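S.K.: quick check, what structure comes out for this input:
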Amino acid sequence: MTASDHDFFPGFAIRSIEAPAGSIFTRIGGGGPPLLLLHGFPQTHIEWRLMAPRLAEKFTVVLMDLRGYGGSSVPASEGGAAYSKREMAKDAVAVMTALGFPRFSLVGHDRGARVAYRLALDTPESVERLALVDIIPTAEMWKSMNAARAMQTYHWMFLAQPAPMPETLIKGAPIDWLKHTLASWTGDRSLTPFRDALEAYSAAFNQPDRIHAFCEDYRAGATIDRQFDEQDEAAGRRIAAPLLALWGAKGIPSQGDDPLKIWRRWAPKAEGRAITGGHFLPEENPLETATALLDFLLASR
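M.R.: As a prediction, this is how the structure comes out:
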């Protein structure tokens with residue numbers, strides 16, 4: 001058994017669930033109220049391996065690979081059309097509905113967090129509580145893009161370039177690019193937090209159709225997702241669910257304006273704080289991150 005085949009979630013069931021994107025790879029474990037975890041780039045649902053068992057002591061935990069990632073289908077797309085966070089959120093709702101959970105709590109990291117807050121804006125009736133890890137809203141990121149932030153988040157501009165330029169360049173050395181990306185966003189600039197999952201991440205990343213999907217995800221972020229955010233902001237739409245924002249003390253949001261102050265403009269019930277680590281808190285600091293999540297998710301129970 002290779003690392004890419006390794007079962008990081010003993011006791012969790014595996015299901016393939018039909019959604020608007022096609023087949024969505026899903027794992028389900030634990031018991032109690034439903035909780036959906038959405039991963040980020042350049043990872044898969046495996047990023048939750050260090051936290052899911054603890055969360056499953058209190059919740060029915062659902063892990064899914066976003067469309068284009070991991071074991072999920074890769075819908076064709078141009079200009080980001082199939083990878084807007086609105087479309088990706090429809091997959092999440094479809095998965096949870098198929099499992100019998102029309103309303104659920106939701107935790108997202110990175111791109112998964114962007115899917116999560118879009119879901120909360122578009123289908124507020126689905127979301128009990130919402131936790132977002134190391135992001136600020138997409139429109140806010142673009143508004144704050146200065147020289148320092150552009151250097152820090154160069155991939156936002158690079159991956160969003162028209163096809164096939166970024167795809168072609170990444171395919172020249174995909175694993176080197178993956179390792180650089182993972183290490184450069186951690187607090188200590190190392191691959192140590194991923195040592196047990198790196199082979200699995202490499203296998204899931206090193207596929208031409210998925211590399212295109214990742215770029216489409218970021219093309220959507222530069223255009224469609226930003227426009228949806230701007231429309232909601234102009235219309236005064238806000239996230240109704242209680243919201244927890246967590247960010248790495250050495251992560252990307254911490255380098256700009258106060259992330260909690262930003263989130264309170266979008267979600268009146270927002271709370272949050274920094275966690276020791278960089279961008280990849282579920283793998284860099286799973287204990288403190290899980291504790292913060294459980295304190296928030298169990299607050300009303």
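S.K.: for His6, give me the pLDDT.
M.R.: His6 is assigned 65 on the pLDDT scale.
S.K.: next, the nearest residue to His212 once chain neighbours are set aside: phi, psi?
M.R.: Take His212 and drop its neighbours on the chain: the residue closest to it by CB to CB, 6 or more residues apart in numbering is Glu167, 5.3 Å away. All C-beta spots, glycine's among them, are computed from the backbone N, C-alpha and C. Main-chain dihedrals, Glu167, degrees, to the nearest 10: phi -60, psi -40.
S.K.: ok, now which ones touch Glu167?
M.R.: 208, 211-212, 215 (CB atoms under 8 Å, 6 or more residues apart in numbering).
S.K.: so the residue positioned nearest the centre of the chain: helix, strand or coil?
M.R.: Nearest to the geometric centre of the chain sits Gly112, at 2.0 Å (CA atoms, centre = their mean). When classified by DSSP: H, G, I helix; E, B strand; the rest coil, Gly112 comes out as helix.
S.K.: which residues in the stretch 101-250 of the chain form helices?
M.R.: Assigned by DSSP state H, counting those that start in this stretch, the helices in the stretch 101-250 of the chain fall at 111-122, 138-143, 147-152, 154-159, 165-171, 174-184, 198-205, 208-222, 224-235.
S.K.: please identify the most buried of these.
M.R.: helix 111-122 (a mean of 26; mean count of other CB atoms under 10 Å).
S.K.: what helices or strands is that helix leaning on?
M.R.: Under the contact criterion of 3 or more CB pairs under 8 Å, 6 or more residues apart in numbering; DSSP states H and E, helix 111-122 touches strand 34-38, helix 85-98, strand 104-109, strand 127-133, helix 224-235.
S.K.: got the contacts of Glu167 as TSV, with distance to Glu284 and pLDDT columns?
M.R.: Formatted as TSV, those follow (distance: CB to CB, whole Å; pLDDT from 0 to 100):
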residue	distance to Glu284	pLDDT
Pro208	30	97
Ile211	25	98
His212	29	98
Cys215	26	98
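S.K.: can you redo these as CSV with distance to Pro174?
M.R.: Below are the contacts of Glu167 laid out as CSV (distance: CB to CB, whole Å):
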residue, distance to Pro174
Pro208, 9
Ile211, 7
His212, 12
Cys215, 12
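S.K.: thinking again about what came up before, for Pro259, find the nearest of the helices and strands packed on helix 111-122.
M.R.: When the helices and strands packed on helix 111-122 are compared by CB to CB, strand 127-133 sits nearest Pro259, at 9.4 Å.
S.K.: report the angle between the closest one and helix 111-122.
M.R.: Angle, strand 127-133 to helix 111-122, by axes from the mean of the first three to the mean of the last three CA atoms, to 10 degrees: 150 degrees.
S.K.: report the angle between strand 127-133 and strand 104-109.
M.R.: Using the same axes, to 10 degrees: strand 127-133 against strand 104-109 is 10 degrees.
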